[in-house]
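Trainee: quick one: sequence and predicted model below, then my questions.
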Amino acid sequence: MSKIRKYGLPAVLCLSAAAAGILVSYRLLSQTQPEGQMRPFVALRIEKYFGPDGKLAPLPGGIDYSTIARKSDGSQIRFVPVQQPDGSFSLVRIIFDVSGKEMHVLDDTKSVVTYYRSPVHVEHHIADFESCPPEAEDPTAPRSSRLGYAVVEVKTERTSSREVEDDDQWVAPALNCLALAETLTFSGGSRNESEVINVFEGEPPESWFKVPSGFTERSPSQVAAAYAARFPGHKLMSDQAAVMGDRVYRLNRSQRQ
């Protein structure tokens, strides 16, 4: 499940961002299925976070609106709007390019943080998108329809050192098993519910996958410093998170050399 709060260490930049609503204007470029197995699309998604008491988390952090766009080559971008301390909104863009780059583009500081991915990592990434889980092929699995697509229910359980997660997804085989609805329940009682509210098939604009001009490559701590300079008295992340982020950033670069 894609979640701004659980992207892992490479997304430490985004941990303190509180997302708000957005509608991305998108013109359908093609309704023709391209050659190959990957189905390109743009999907608008809403995600809600509930505490152990079953109540929606306080706004604005309780609801995220995001846009996910996937190209036929497997490259993907996720747009997440975030509210800034001055009340303005900006975008966080997480771009995965099959050339071997994962770029975190932050409009608030005009920063880009780039992580390099190995060919094996890219291959696994594409394979995950191209194929459906075996459970989706089970003829006894519950079936329904959402947004005009046939969907299949897939339930999985993930166990980590910290907690158990029960994942209940309704996936659309026609979209390489994109989850059109999902409920992730944690052992502590909290849960996340996400739902795709619209899907546009066709190749997304190539310009979405380009870093805008005027943006500077920065490490996590440098991004944090730029953020603090723009919003005095506010921190994008804790000092510990900045240090941890820099370690991952430097390690990624050393492994590339």
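Mentor: Okay, I see it.

Trainee: could you pull out the helices in the protein for me?
Mentor: Assigned by DSSP state H, the chain shows helices spanning 119-130, 220-230, 239-256.

Trainee: now do the last one: which elements does it pack against?
Mentor: Contacting helix 239-256 under the criterion 3 or more CB pairs under 8 Å, 6 or more residues apart in numbering; DSSP states H and E are the following elements: strand 111-116, helix 220-230. Bear in mind the C-beta positions are built from the backbone N, C-alpha and C, glycine included.

Trainee: among these, which is nearest residue 86?
Mentor: Closest of those to residue 86 is helix 220-230, at 9.0 Å (criterion: CB to CB).

Trainee: just checking, what packs against that closest one?
Mentor: By 3+ CB pairs under 8 Å, 6+ apart, helix 220-230 packs against strand 111-116, helix 239-256.

Trainee: angle of the last one against strand 111-116?
Mentor: It stands for helix 239-256. Between helix 239-256 and strand 111-116, the angle comes out at 50 degrees (axes from the mean of the first three to the mean of the last three CA atoms, to 10 degrees).

Trainee: quick one: buried residues of helix 239-256?
Mentor: By neighbour count on 16 or more other CB atoms under 10 Å, the buried set for helix 239-256 is 241-242, 244-246, 248-249, 252.

Trainee: just stretch 93-113 next, same as before
Mentor: In stretch 93-113, counting by 16+ other CB under 10 Å, buried: 93-98, 101-113.

Trainee: just give me the lowest mean pLDDT stretch among the helices of the chain.
Mentor: Comparing mean pLDDT across the helices of the chain, the weakest is helix 119-130, with a mean of 86.

Trainee: contact partners of that one?
Mentor: 37-38, 70, 74, 76, 96, 98, 100, 117, 176 (CB atoms under 8 Å, 6 or more residues apart in numbering).

Trainee: tell me which residues touch residue 221, please.
Mentor: If you count contacts by CB under 8 Å, 6+ apart, then residue 221 has 242-243, 245-246 around it.

Trainee: closest one of those to residue 136?
Mentor: Closest to residue 136, out of all of the contacts of residue 221 and judged by CB to CB, is residue 245, at 35.8 Å.

Trainee: wait, the closest one sits on residue 237?
Mentor: Yes: using CB atoms under 8 Å, residue 245 makes contact with residue 237 at a distance of 7.2 Å.

Trainee: can you lay out the helices and strands packed on helix 220-230 as a markdown table showing distance to residue 200?
Mentor: Below are these laid out as a markdown table (distance: least, CB to CB, whole Å):
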| stretch | distance to residue 200 |
| --- | --- |
| strand 111-116 | 26 |
| helix 239-256 | 33 |
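
Trainee: out of the ones you listed, nearest to residue 209?
Mentor: Per CB to CB, nearest to residue 209 of the helices and strands packed on helix 220-230: strand 111-116, 12.4 Å.

Trainee: any idea of the mean pLDDT for the closest one?
Mentor: Here the average pLDDT along strand 111-116 is 96.

Trainee: can I get that strand in PDB, CA atoms only?
Mentor: C-alpha atoms of strand 111-116 as PDB (Å, rounded to 0.1, in the frame of the first residue of the first chain):
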ATOM      1  CA  SER A 111      14.500  20.500  -3.900                       C
ATOM      2  CA  VAL A 112      15.000  17.100  -5.400                       C
ATOM      3  CA  VAL A 113      16.500  14.100  -3.500                       C
ATOM      4  CA  THR A 114      17.600  11.300  -5.800                       C
ATOM      5  CA  TYR A 115      18.100   7.700  -5.000                       C
ATOM      6  CA  TYR A 116      19.600   5.300  -7.500                       C
END
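
Trainee: pLDDT weak spots in the stretch 1-150 of the chain?
Mentor: For the stretch 1-150 of the chain, the stretches flagged by pLDDT under 70 are 1-36, 59-61.

Trainee: stretch 212-224: end-to-end distance?
Mentor: Here the two ends of stretch 212-224 are set 20 Å apart, with distance taken as CA to CA, to the nearest Å.

Trainee: if you could redo that for stretch 195-215, that was the one I meant.
Mentor: Distance across stretch 195-215, first residue to last, is 32 Å (CA to CA).
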